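Undergrad: 3D, please:
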Amino acid sequence: MSPTFQALSNRNYRLYAAGGVVSNTGTWMQRVAQDWLVLQLSANNGTALGITTGLQFLPMLLLSPYAGLIADRFPKRRLLQVTQLMMAVPAILLGVLAVTGVAQTWHVYVLAFVFGIGTAFDAPARQSFVSEMVEPELLTNAVGLNSASFNAARMVGPALAGVLIAALGSGAEATGWVIILNGLSYSAVIYVLQRMRPEDLDSAELAARGKGMIREGMRYVRGRPDLMLVLAIVFFAGTFGLNFQMTSALMATDVYGKGATEYGLLGTTMAVGSLAGALLAARRGRPRHRLVVLAALAFGTVEILAGLAPSYLTFVLWTPLLGITALTMITAANATVQLGTAPMMRGRVMALYMMIFMGGTPLGAPIVGWIGEVFGARWTLIGGGLGTILGVLLAAAVFSRSQGMLDPEVNDRPRLRKRVRAPAVQAR
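TA: Numbers count the residues shown, from 1 in each chain. A predicted model of the protein is given here:
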C-alpha cells in the first residue's frame, strides 16, 4: 500500500475513515445551508449570521476542559456514538423546522448552541480516539488522512449544498432538506463505530473519578515544556494567522474589487492547498518539534507574502501554498501532542489543544479586523503573518532552549516505547 494511505490497512481505521467522509461532507453542507437559512430568515442580516456562528463555537470555549475529562473517563468508541447523536438531533430538528416553514431566527440560535455542545464533547474524544485505532508509527499518517478527508469534504460539501438548495427552490425550505441530510449523515459514523472490533483497539486505561481532575490535566501540561511549546505555537497561529474567512473577503473586495464569485474561488483554492498539505503530512513519519516550529514560521512568511500579492490572479495562485503550510503545521502539532501525551491524560490534553486552537480565533479576529480597518486590508495578512512569526519565535525561546527539544535525537528518545495492547473496555 502507498505510504500516503498506510493507516487504511487497519480495519478499524478504514471503517472510521469511511464514516468520516460521509459525516464531514454533511457538516460542510450544513454550514452553507445554515448560513443561507439565517440570511433568509433575517433579511440578509450579517449580525444575525455572526451571532449564529458565535453561539455554535461558544461551547467549545466553555466546555472543552470538562469534555476532555469525559473523554478520559469513558470508552471513546461508545462516547463518540453518543456525541454523534448529540449533533444529529438538533440538525434534524432545525431541518424539520425549516422544511415546515415555522423556523425563526431564534430557533437557529438555540439549535446552533445545542449543536455546539455536541461538537465540544465530540472533539477531544474524536481526536484522542485515533491513537487507539492505529499503531504509534501510523498515527501521523492517520492524522494526515483525517485532515485530507476534512478538506476534501470542504471542497465537495459547499458545492453540493449550493446545487441542492438551488434545485429545491433556494428558499428556507430548501435549506431544511440539506440540513436534514447532514443530520442523517451522522448515522454513518455511528454504524462504523458499531462495526469496529473492540479487541483490536489499544484502549487506554480509563481515568478513575476523583477531585481536581481538570486541574490535574492543567498541571500535567504546565509541567511539560514540550507540550507547552506546541500549544503556544498553535495559539499564536490560530489567533493571528488563521483568519482566512475574514482576510480573504477583505482582500477580494477591498484590495482587488471583486465580487462573491471571486471570493468563493479563494475558498476552493485554499482547500486544494489544504488537501495537498494533508496528503503530504500523511506520507511523513514521526513528527518532531522542529517540524512544528519550521512549518509555523513558513506559514507566517507565506501569509506576509500573500498580503503583498500585486494582483488578484497572483493572490489566487498563492493561496494553495497558504493551505499547504497551514495544514503541515496543524497536522504536525496534532500528532506531536498525541504521541507525547500519556494515554490516561490524552482526552484532557487534546481538549485543551482544541480550546486553544479554536478559541484563539474569536480573540484575534477583532484585532486583525481593526488592523485592516486602520492600515488597510493587506495588513490583515501581513500583520497576521508577523504575529505568527513573532509568537513562534517567543515560544521557541521560552520553552525549547533548556529542553533541547529542537534536537531530533532528544525529541525522539523519551517518547519511543513498545506498544502494549490493553484489553478492550466494554461499555455498560
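Undergrad: Quick check: buried residues in stretch 93-101?
TA: By 16 or more other Cβ atoms under 10 Å, the buried positions in stretch 93-101 come out as L93, L94, G95, L97, A98, V99. Any C-beta I mention is one placed from the backbone N, CA and C, and that applies to glycine too.
Undergrad: Let's see it as CSV, backbone CA atoms only.
TA: Extracted C-alpha coordinates of stretch 93-101, given in CSV (Å, rounded to 0.1, in the frame of the first residue of the first chain):
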residue,chain,number,x,y,z
LEU,A,93,-34.9,19.3,14.3
LEU,A,94,-33.6,22.5,12.6
GLY,A,95,-34.1,20.9,9.2
VAL,A,96,-37.7,19.9,10.0
LEU,A,97,-38.5,23.4,11.3
ALA,A,98,-37.2,24.9,8.1
VAL,A,99,-39.0,22.4,5.8
THR,A,100,-42.3,23.0,7.6
GLY,A,101,-41.9,26.8,7.3
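Undergrad: distance between the ends of stretch 203-221?
TA: 22 Å (Cα to Cα, to the nearest Å).
Undergrad: Pull out the buried residues from that stretch.
TA: For stretch 203-221, by 16+ other Cβ under 10 Å, it's S203, A204, A207, M213, G217, Y220, V221.
Undergrad: hang on, isn't T301 packed against I389?
TA: Yes - using Cβ atoms under 8 Å, T301 is in contact with I389, at 7.0 Å.
Undergrad: Comparing the two, which residue is more hemmed in?
TA: Neighbours of T301 and I389, each counted by other Cβ atoms under 10 Å, are more numerous for I389; the result is 22 against 15.
Undergrad: okay, now the closest residue to that one other than its chain neighbours: neighbour count?
TA: In space, I389 comes closest to G300 once its chain neighbours are excluded; the distance is 3.8 Å by Cβ to Cβ, 6 or more residues apart in numbering. Per other Cβ under 10 Å, the neighbour tally for G300 reads 26.
Undergrad: and if you look at the one 10 residues further on?
TA: Counted by other Cβ under 10 Å, the residues lying close to P310 total 9.
Undergrad: Assign a three-state SS to it, would you?
TA: Classification of P310 using DSSP: H, G, I helix; E, B strand; the rest coil returns coil.
Undergrad: Please report the distance of it from M133.
TA: From P310 over to M133 the distance is 47 Å, taken as Cβ to Cβ, to the nearest Å.
Undergrad: Show me where the stretch 251-400 of the chain dips below the pLDDT cut-off.
TA: Of all residues in the stretch 251-400 of the chain, those with pLDDT under 70 make up the ranges 260-261, 264, 285, 359-362, 400.
Undergrad: who's in contact with V21?
TA: S149, A152, A153 (Cβ atoms under 8 Å, 6 or more residues apart in numbering).
Undergrad: Which of the helices or strands spans it?
TA: Assigning secondary structure by DSSP states H and E places V21 in helix 11-41.
Undergrad: In that helix, which residues are buried?
TA: Buried, per 16+ other Cβ under 10 Å, within helix 11-41: 12-13, 15-41.
Undergrad: just stretch 150-165 next, same as before
TA: 150-158, 160-162, 164-165.
Undergrad: hmm, back to that, just the ones in helices from the buried residues of stretch 203-221, please.
TA: M213, G217, Y220, V221 (DSSP state H).
Undergrad: can I assume the third one is in contact with V349?
TA: Yes - using Cβ under 8 Å, Y220 and V349 qualify as a contacting pair, with a distance of 7.1 Å.
Undergrad: Contacts for stretch 300-318, please.
TA: Against stretch 300-318 from outside (Cβ under 8 Å, 6+ apart): 237, 241, 251-252, 256, 258, 262, 265-266, 269, 319, 321-322, 325, 378-382, 384-389, 392.
Undergrad: what does stretch 150-167 give?
TA: 20-21, 24-33, 36, 174-175, 177-178, 181, 267-268, 271-272, 274-275, 278, 323, 327.
Undergrad: ok, back up a step: could you redo the ones in helices among the buried residues of stretch 203-221 as CSV and give each row pLDDT and distance to V192?
TA: Formatted as CSV, these follow (pLDDT from 0 to 100; distance: Cβ to Cβ, whole Å):
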residue, pLDDT, distance to V192
M213, 74, 30
G217, 80, 29
Y220, 87, 32
V221, 86, 32
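Undergrad: from those residues, which is closest to S128?
TA: Nearest to S128 among these, counting by Cβ to Cβ, is G217 at 12.2 Å.
Undergrad: Name the residues of whichever strand or helix holds L313 that are buried.
TA: Assigning secondary structure by DSSP H and E places L313 in helix 312-339. Using 16+ other Cβ under 10 Å as the test for burial, helix 312-339 gives 312, 315-316, 318-339.
Undergrad: I'd like the average pLDDT over stretch 108-127.
TA: What stretch 108-127 shows for mean pLDDT is 91.
Undergrad: and it, which residues are buried?
TA: For stretch 108-127, by 16+ other Cβ under 10 Å, it's 108-109, 111-127.
Undergrad: Determine how far it lies from the middle of the whole chain.
TA: 13 Å (Cα atoms, centre = their mean, to the nearest Å).
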